[in-house]
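Q: Here is the input, now give the coordinates:
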Amino acid sequence: QVQLVESGGGLVQAGGSLRLSCAVSGRSASSYTMGWFRQAPGKAREFVAAIKWSGGNTYYADSVKGRFAISRDYAKKTMYLQMNILKPEDTAVYYCAAAYGQGSYDDWGQGTQVTVSS
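A: Modelled structure (predicted):
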């Protein structure tokens, strides 16, 4: 099990940028796939991006490709989501999550609010 704490959310105008951080603690993250998800009011939670902690392979939802970039810092045990060219439809609570090996995302952070004004 890992513990996850997000930070970096806030209010930004459309076209702006934000960087979210997810601090990872607990067991070693080397066997994990780390992901970002988001949930807008009245909508289901959706996948945004993921990264394999060891290999660095990245995956993105079509809606954020070319605008968002996921990365991780081994030494700081922190994952990031750089969000550029933000749109009002990106407004949501963003969560980081961890999946061990080939398993499901079982460990979740508390979420951080991102609001994009038009």
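Q: any chance you could map the strands in the protein?
A: 2-7, 10-13, 18-26, 32-39, 46-52, 58-60, 68-73, 78-83, 92-100, 105-108, 112-117 (DSSP state E).
Q: Mind putting the ones you listed into TSV with mean pLDDT and mean neighbour count?
A: From N, CA and C alone the C-beta is placed, and that goes for glycine too. Output for the strands of the chain, formatted as TSV (pLDDT from 0 to 100; neighbours: other CB atoms under 10 Å):
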stretch	mean pLDDT	mean neighbour count
strand 2-7	95	17
strand 10-13	98	13
strand 18-26	96	18
strand 32-39	96	22
strand 46-52	97	19
strand 58-60	97	15
strand 68-73	97	18
strand 78-83	97	22
strand 92-100	97	22
strand 105-108	95	16
strand 112-117	98	17
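Q: In the sheet, which residues pair with the residue nearest the centre of the chain? Tell me.
A: What sits nearest the mean C-alpha location of the chain, by CA atoms, centre = their mean, is Trp36, with 2.7 Å. For Trp36, the beta-bridge assignment (DSSP bridges) gives partners Ala49, Cys96.
Q: Check the gap between it and Ala50 for me.
A: 7 Å (CB to CB, to the nearest Å).
Q: Need the overlap of contacts for those two.
A: Ile70 (CB atoms under 8 Å, 6 or more residues apart in numbering).
Q: Any figure for the gap between the residue nearest to the centre of the chain and Ser118?
A: From Trp36 across to Ser118, the span is 23 Å (CB to CB).
Q: Ok, Ser63 next?
A: Relative to Ser118, and taking CB to CB, Ser63 is found at 17 Å.
Q: Touching, Phe47 and Ser63? I think so.
A: No - contact criterion CB atoms under 8 Å: Phe47 and Ser63 do not qualify, at 9.7 Å.
Q: ok so, going back, give me the more crowded residue out of Ser63 and Ser118.
A: A count of neighbours by other CB atoms under 10 Å puts Ser63 above the other of Ser63 and Ser118, at 14 against 9.
Q: ok, now how distant is that one from Ala92?
A: As judged by CB to CB, Ser63 and Ala92 stand 11 Å apart.
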